[in-house]
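> model the structure of this input:
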Amino acid sequence: MKRIDATWEKRNLGVECVEFEISNNDELDEVKEVLSSATAEYQIVKASVGDVRLQLAVQECGFKFFETNLQLERKIKGPHNLPPMYSRFEKDVEYRDATEEEIDEILKIVAAGGMFTTDKVAQDPYFSPQLSGHRYALWARDILEKGAKTVIGLYRGDIASFTIYEVKEKFYHAFIGGMFDNYRDKGLGFIPLYVTAEQIYELGGGVLKTGVSSNNPSILRLQLLFGCKITDMTNIYIKHL
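As a prediction, this is how the structure comes out:
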């Protein structure tokens with residue numbers, strides 16, 4: 001069992017936060033004792049799936065189930081052929097690195113809220129979609145300052161999507177990405193997945209890693225359609241004091 005004092009969430013959300021990472025090898029009595037004695041305003045438990053006794057023990061301590069986080073991986077070995085339902089769009093889709101000015105504008109849009117509505121902050125009645133956007137923008141800025149890349153997807157010459165991902169040798173961890181308002185609900189949600197994979201292939205290929213919430217089934221279906229495999233699942237529980 002691992003405890004993490006998530007001090008960054010004080011900046012992001014304005015509350016003291018603690019996270020607990022629990023595996024199926026942890027003793028139930030120890031789990032209950034530690035969780036019952038925690039005093040932070042906002043508490044998060046990340047529990048490995050598979051042991052129902054563990055999941056019940058967490059809930060006995062007053063935590064509420066919020067989502068399952070699915071970790072995904074996809075091997076990028078060559079240019080990707082779009083599924084037939086999207087192939088008609090391929091001629092209109094391009095990609096390139098975002099400029100510094102474009103990154104600043106992207107983060108302003110993210111910070112305004114509304115772009116991400118399925119995560120545990122946006123859907124939590126103690127928080128809001130606007131606070132979620134604020135948190136994502138700060139988080140993205142932290143990642144960018146450490147050298148992450150931002151690729152934008154262009155549809156008929158206009159910016160339609162973005163993805164921010166970290167590069168570590170041949171592993172590419174996509175942290176955040178999305179479609180801009182003008183291109184939502186038009187059958188173009190595949191663009192960030194497609195252009196990110198194309199750029200990774202251009203960089204030499206490797207393994208793309210990302211995470212999806214069970215509260216966002218449409219993106220999960222897209223990821224699976226584009227060849228991602230589920231490598232791990234973690235149940236997320238929360239408590240507010």
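
> residue 233 touches residue 55, doesn't it?
No. Using CB atoms under 8 Å, residue 233 is not in contact with residue 55, being 11.9 Å away. Glycine gets a C-beta too; all of them are placed from N, C-alpha and C.

> out of those two, which sits in the busier spot?
residue 55 (19 against 13; other CB atoms under 10 Å).

> list the buried ones in the helix or strand containing that one?
Secondary structure from DSSP states H and E places residue 55 in helix 52-60. Within helix 52-60, the residues scored as buried using 16 or more other CB atoms under 10 Å are 54, 55, 57, 58.

> surely the last one touches residue 21?
When you say that, I think you mean residue 58. No. Counting by CB under 8 Å, residue 58 sits too far from residue 21 to count as a contact (11.8 Å).

> phi and psi next, for the residue lying closest to residue 87 once chain neighbours are set aside.
Excluding its sequence neighbours, the residue lying closest to residue 87 (CB to CB, 6 or more residues apart in numbering) is residue 81, at 7.7 Å. When read as degrees, to the nearest 10, the backbone of residue 81 gives phi -90, psi 120.

> quick check: the residue lying farthest from the centre of the chain vs residue 54, distance?
The centre of the chain is farthest from one residue, residue 29, which by CA atoms, centre = their mean lies 31.7 Å away. Residue 29 is 12 Å from residue 54, where distance means CB to CB, to the nearest Å.

> so which elements touch the lengthiest helix in the chain?
Ordering each helix of the chain by length in residues (DSSP state H) puts helix 129-145 first. Counting contacts by 3 or more CB pairs under 8 Å, 6 or more residues apart in numbering; DSSP states H and E, helix 129-145 is packed against helix 8-13, helix 100-111, strand 158-168, strand 171-179.

> how about these in CSV, adding mean pLDDT and distance to residue 139?
Shown next, in CSV, are those (pLDDT from 0 to 100; distance: least, CB to CB, whole Å):
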stretch, mean pLDDT, distance to residue 139
helix 8-13, 95, 7
helix 100-111, 96, 9
strand 158-168, 95, 9
strand 171-179, 94, 7
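
> for those, which one sits closest to residue 211?
When those are compared by CB to CB, strand 171-179 sits nearest residue 211, at 8.6 Å.

> tell me which residues in that closest one are buried?
172, 173, 174, 175, 176, 177, 178, 179.

> now, which of these sits nearest residue 85?
Nearest member of those to residue 85, counting by CB to CB, is residue 179, at 16.9 Å.

> just give the nearest non-adjacent residue to the closest one, would you?
residue 161 (5.0 Å).

> so that neighbour sits against residue 190, correct?
No. Counting by CB under 8 Å, residue 161 stays clear of residue 190, with 9.4 Å between them.

> more neighbours, the two?
residue 161 (27 against 20).

> the more buried one pairs with what?
Note on residue 161: beta-bridge partners residue 153, residue 179, judged by DSSP bridges.
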